[in-house]
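Trainee: Kindly generate the corresponding structure for this input.
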Amino acid sequence: MAKQHEAPTGSEAVPEDRQTLLAEYSAVQQALSQLAAIYNDAPIGMAVIGKDFRFQRINARLAQINGASIEAHLGHTIREVVPELADVGEGLLRKVVETGESILNLEVEGETAAEPGVVRSFIEHWSPVRDADGQVAAVNVVVEEVTAQKRAAAALRASEARLREVLDSIKEGFLLMDHGFRIIQMNHEALRIARQDFSAIEGRAIWEVWPEVLGTPVETAYRRVMAEREPEMIEHRFTVGEHDLWLNISAYPTSDGVALFYRDVTERRLADERLRESEHRLATAIRAGQLGVFVYDYRSLPCYYWDKTMRAVWSLSDDEPITEDTFWFSLHPDDFQKVHEATLRGEDPSGTRRYDVEYRIYRHSDNALRWVKIASDIIFDEAGPLKMIGTIQDITDRKAAEEQNLLLMREVNHRSKNLLAVVQSIAHQMAHASDPATFALRFSERLTGLASSQDLLVRSQWKGVDLEALVASQLAHYQHLIGSRIHILGEPLQVLASVAQNIGMALQELATNAAKYGALSGRGGEVSVGWAVSEDLFSITWSETGGPPVTTPGRKGLGSMIITKLLERAVDGVVSLSFDPQGLNWALKAKASAVLEARAPDAS
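Mentor: Numbers count the residues shown, from 1 in each chain. Below is the predicted model of the structure:
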């Protein structure tokens, strides 16, 4: 008889082969435990059912779907636990056992004890579980409830039907285009106006269906709405067969592309034309401006007529009389001569007989200075000037905008010169230290960084630039790493426009270096960018970890100068740069007032 092995006691050593078996046993037990946890905690229902229809194993999700505990399932048949679904379940199990083939993606509907009276929808997969001899010993069931999805799909279909009913009920034409200007939806009115069958034009570009639109203001409007995402309204005359068709079109941006609402206004347009032909005086006033209307009669008293709009510009009441003094005494002294000469030119029968001038007035109520534009026609008879008919337009806001635009253009000119100087300096510095191929690549990268900063400056109108947006713009090429390997942390701050470009250039250099040699050159490295303000001290840091071992470079090039000396001079600050073996570390410290926009005082 073989000698039995006794378990070691005390300090006796465990045999090496037994240690191996124990380790393997422990690993298997851990794997089984993990599989059991995954099985039980899976978000989809799973169970193993024997050929006798009894549950051998079930996870928590399927037990929850069935409305009974795990213990209430084990050892019990399908009919005992979920009698409502027993006929279907037993039939499926028999088929799998008999054929040995899986039944996949089966849709099942029915009630369960978890929600009596509620019909629920499931996607089920029934697969054979075989024993050592390859015989089907049980069936593995995977159940995913899709009740909510089916209800949502039904609700969507109902919503789309209601939308179609609403669109077809409105009296305006409706047409929806995708981002490629392809027609994807039209209502009955739109098809009636177009005299088209939808099946013949669905999916075709609008220019292909109506090529006569190309080169017209309609094409311009559609493309502008698509590009600028702002609504636009336009009236246009189309030719359909032998007939002219006027459409009033409202174009709106949508997530799909552009939606058009349009009405046939041909009759109105024809009526307008007849009205203009019959009412020449009104047409003259409309042609002159369509705003405040006035009439000056050279031969009768009272000689002035001002409508409500014109009186509002001068801040006069409806019953206040209009005299020569009302008009002439309101003029700005510097514009008096200009208005007088314009009047004389208009009264000259050999001239244009028009009176068009922009000038300043003092409003009667508060003496406020306003800019106005008068456009008028002077009607003559045999005796000379008879009537002056025209419109008035308050152009104060336009003049202010023009002045603002002039200031902005000057600022743009100044900023452009500064930017060109920076570009010239970069090119000059790089030309001495780079071969042509390297020069072209690095110069392009630096220009891209400058352009990103410039975009932010333009959007902010050269005011404060959001620091987080500035950092993100310089890391645009690595956007997919932000949050995983690139970490950005700092409170919302506005950087002065005068230093945003320099900080942006420094960040671009650091990002490029990290991608080529540092933490972003491999798969495991990480970069942290952070900033803070303490009293009047601003600091921003760039730290790299997990990349290749770092060594101090043998020489300092333009990139080193950009992230150190140029930035220090720009903000009158101090830059620290260390090439630690674990990763590059860079930091800038400067007075907050030299870097940041002044914060608005807290309301109290």
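Trainee: Go through stretch 213-232 and flag the buried ones.
Mentor: Using 16 or more other Cβ atoms under 10 Å as the burial criterion, the residues of stretch 213-232 that qualify are 218-219, 221-222, 225-226, 232. C-beta here means a position set from N, CA and C on the backbone, and glycine is covered the same way.
Trainee: what does stretch 340-352 give?
Mentor: 342-343, 345-347.
Trainee: what do you get for stretch 397-404?
Mentor: Buried, per 16+ other Cβ under 10 Å, within stretch 397-404: Lys399.
Trainee: Averaged pLDDT, it. What do you get?
Mentor: Per-residue pLDDT values over stretch 397-404 give a mean of 79.
Trainee: Now do Ser330 against Arg345, distance only.
Mentor: As judged by Cβ to Cβ, to the nearest Å, Ser330 and Arg345 stand 21 Å apart.
Trainee: Repeat that for Leu191.
Mentor: Taken as Cβ to Cβ, the span from Leu191 to Arg345 is 55 Å.
Trainee: Over to Glu491?
Mentor: 63 Å.
Trainee: Likewise for Ala506?
Mentor: 62 Å.
Trainee: Likewise for Glu16?
Mentor: Distance from Glu16 to Arg345, by Cβ to Cβ: 116 Å.
Trainee: again with Val96
Mentor: Distance from Val96 to Arg345, by Cβ to Cβ: 100 Å.
Trainee: Just give me how far stretch 394-401 sits from the chain centre.
Mentor: 32 Å (Cα atoms, centre = their mean, to the nearest Å).
Trainee: oh sorry, the question was meant for stretch 250-268
Mentor: The answer for stretch 250-268 is 23 Å, by Cα atoms, centre = their mean.
Trainee: contacts for it?
Mentor: Here stretch 250-268 makes contact (Cβ atoms under 8 Å, 6 or more residues apart in numbering) with 171-181, 184, 190, 193, 221-222, 225-226, 229-235, 244-249.
Trainee: Report the mean per-residue pLDDT for it.
Mentor: 89.
Trainee: Buried residues in that stretch, which are they?
Mentor: Neighbour-count burial for stretch 250-268 [16+ other Cβ under 10 Å]: 251, 253, 257-266.
Trainee: Output the host helix or strand of Ala161 as PDB - backbone C-alpha positions only.
Mentor: Assigned by DSSP states H and E, Ala161 falls within helix 147-169. Extracted in PDB, the C-alpha atoms of helix 147-169 (Å, rounded to 0.1, in the frame of the first residue of the first chain):
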ATOM      1  CA  THR A 147     -40.500  47.600 -23.800                       C
ATOM      2  CA  ALA A 148     -39.300  51.300 -23.400                       C
ATOM      3  CA  GLN A 149     -37.600  51.200 -26.800                       C
ATOM      4  CA  LYS A 150     -40.700  49.900 -28.600                       C
ATOM      5  CA  ARG A 151     -42.900  52.400 -26.800                       C
ATOM      6  CA  ALA A 152     -40.600  55.200 -27.800                       C
ATOM      7  CA  ALA A 153     -40.600  54.000 -31.400                       C
ATOM      8  CA  ALA A 154     -44.400  53.800 -31.400                       C
ATOM      9  CA  ALA A 155     -44.500  57.300 -29.900                       C
ATOM     10  CA  LEU A 156     -42.100  58.600 -32.500                       C
ATOM     11  CA  ARG A 157     -44.200  57.100 -35.300                       C
ATOM     12  CA  ALA A 158     -47.300  58.700 -33.900                       C
ATOM     13  CA  SER A 159     -45.500  62.000 -33.500                       C
ATOM     14  CA  GLU A 160     -44.300  61.900 -37.100                       C
ATOM     15  CA  ALA A 161     -47.800  61.100 -38.200                       C
ATOM     16  CA  ARG A 162     -49.200  64.100 -36.200                       C
ATOM     17  CA  LEU A 163     -46.500  66.300 -37.600                       C
ATOM     18  CA  ARG A 164     -47.300  65.200 -41.200                       C
ATOM     19  CA  GLU A 165     -51.000  65.900 -40.500                       C
ATOM     20  CA  VAL A 166     -50.100  69.400 -39.100                       C
ATOM     21  CA  LEU A 167     -47.800  70.200 -42.000                       C
ATOM     22  CA  ASP A 168     -50.400  69.100 -44.600                       C
ATOM     23  CA  SER A 169     -53.100  71.200 -42.900                       C
END
